[in-house]
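>>> no sequence on hand, only this structure:
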């Protein structure tokens, strides 16, 4: 397999991308080529510094960078030699099968949709971000690519998300629900009610390959068996950032409480194994990145503050999507709507 990494993307680029690439190559004997895309002089010096000498690595020069605060679409159109643009071009040209980026999320989405286009039958791509819960992970879809979604787009997300869960995550019968303010069918906005009815009709037709849960609430993200939670990109992005901020705040408050006096410190020391387990479960680094489902190629979007471990796991996520042929499965499932 061949994967292109936007080496200049992210808050700590390019160092964490170089180290993450090195570690991913060491753990991936099936990797044929890993393209490191960015300023060649900078990347060559970084590879030398961090001992990245693997013959499967190829540096592709891209002198420009899309900043984290830049307007996504205009930046992609203006900066044709940016690292995210050039990395995506490698997929479009067939030289790479996937692109991974921890840079500007909007730029990664724009580059993929403008350059790779959508899969046949797909109207809008969506970001499927993992949320840890009691049963493993729930994929929040869409987490920010399409804030002005239509009900038919969420039907597409239900199909794409369940395909990803089934074929890549190995979930036998994915459970899909739509975020609302109550479980009852009559709850929600006009948008969620119309979406509910559309998906229910699809399920009743016998074409669906997932278990339709219907309306779900915030509680269900963490405490219920839910593999895909549907929402528009605006709601999804707010939810995702709220979950991340809550986890950080709870960790901080717990640390402050446990360090308040010597007795609590002793208790914290004895319970350190349990605390470490919870921390690992909440740690985004362990799952690396979120797939942009619906584009004609694999695109994995990593967190802007990704560490080397997160980049390593984002590359792994891209490799898994390639290995399990997720896009051909999506195309077949979308065609079944007709």
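That came through, no problem. These numbers were taken from a predicted model, which means no experiment stands behind them.

>>> for the helix or strand hosting residue 75, list every residue counted as buried.
Assigning secondary structure by DSSP states H and E places residue 75 in helix 72-78. Counting neighbours by 16 or more other Cβ atoms under 10 Å, one finds that the buried residues in helix 72-78 are 72, 75-76. (Glycine included, C-beta is placed from N, CA and C.)

>>> packing partners for the very next helix or strand once past it?
Scanning forward in sequence from helix 72-78 by DSSP H and E, the next helix or strand is helix 83-92. Secondary-structure packing of helix 83-92 (3 or more Cβ pairs under 8 Å, 6 or more residues apart in numbering; DSSP states H and E): strand 2-6, strand 33-38, strand 57-61, strand 98-101, helix 105-111, strand 298-302.

>>> partner strands of the second one, parallel or antiparallel?
Spelled out, that is strand 33-38. Strand pairing for strand 33-38, determined by DSSP bridges: strand 2-6 (parallel), strand 57-61 (parallel).

>>> chain center to it, what's the gap?
Strand 33-38 has its C-alpha centroid displaced from the chain centroid by 20 Å (Cα atoms, centre = their mean, to the nearest Å).

>>> and the contacts of it?
For strand 33-38, contacts defined as Cβ atoms under 8 Å, 6 or more residues apart in numbering pick out 2-8, 13-14, 17-18, 21, 24-25, 43, 47, 54, 56-62, 65, 83, 86-87, 90, 95-96, 315.

>>> the fourth one now?
Where contact means Cβ under 8 Å, 6+ apart, the residues beyond strand 98-101 that reach it are 1-6, 9-10, 84, 87-88, 90-91, 107-108, 111-112, 289, 297-302, 311, 314-315, 318-319, 321-322.

>>> just to revisit the earlier point, buried deepest among the helices and strands packed on helix 83-92, which one?
strand 98-101 (a mean of 32; mean count of other Cβ atoms under 10 Å).

>>> before we move on, back to that, nearest to residue 232, out of the helices and strands packed on helix 83-92?
The closest of the helices and strands packed on helix 83-92 to residue 232 is helix 105-111. By Cβ to Cβ, the value is 14.4 Å.

>>> now the strands paired with strand 33-38 as a markdown table including mean pLDDT and distance to residue 173?
Below are the strands paired with strand 33-38 laid out as a markdown table (pLDDT from 0 to 100; distance: least, Cβ to Cβ, whole Å):
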| stretch | mean pLDDT | distance to residue 173 |
| --- | --- | --- |
| strand 2-6 | 98 | 30 |
| strand 57-61 | 97 | 40 |
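
>>> of all the ones you listed, which one is nearest residue 119?
Nearest to residue 119, of all the strands paired with strand 33-38, is strand 2-6, at 18.9 Å by Cβ to Cβ.

>>> quick one: mean pLDDT for whichever helix or strand comes after that closest one?
Later in the chain than strand 2-6, the nearest helix or strand by DSSP H and E is helix 15-27. Mean pLDDT, helix 15-27: 96.

>>> packing partners for helix 15-27?
Judged by 3+ Cβ pairs under 8 Å, 6+ apart, helix 15-27 is in contact with strand 2-6, strand 33-38, helix 40-49, helix 308-323.

>>> among those, which is the most enclosed?
Mean neighbour counts for the helices and strands packed on helix 15-27 (mean count of other Cβ under 10 Å) peak at strand 2-6, with a mean of 29.

>>> lovely, talk soon.
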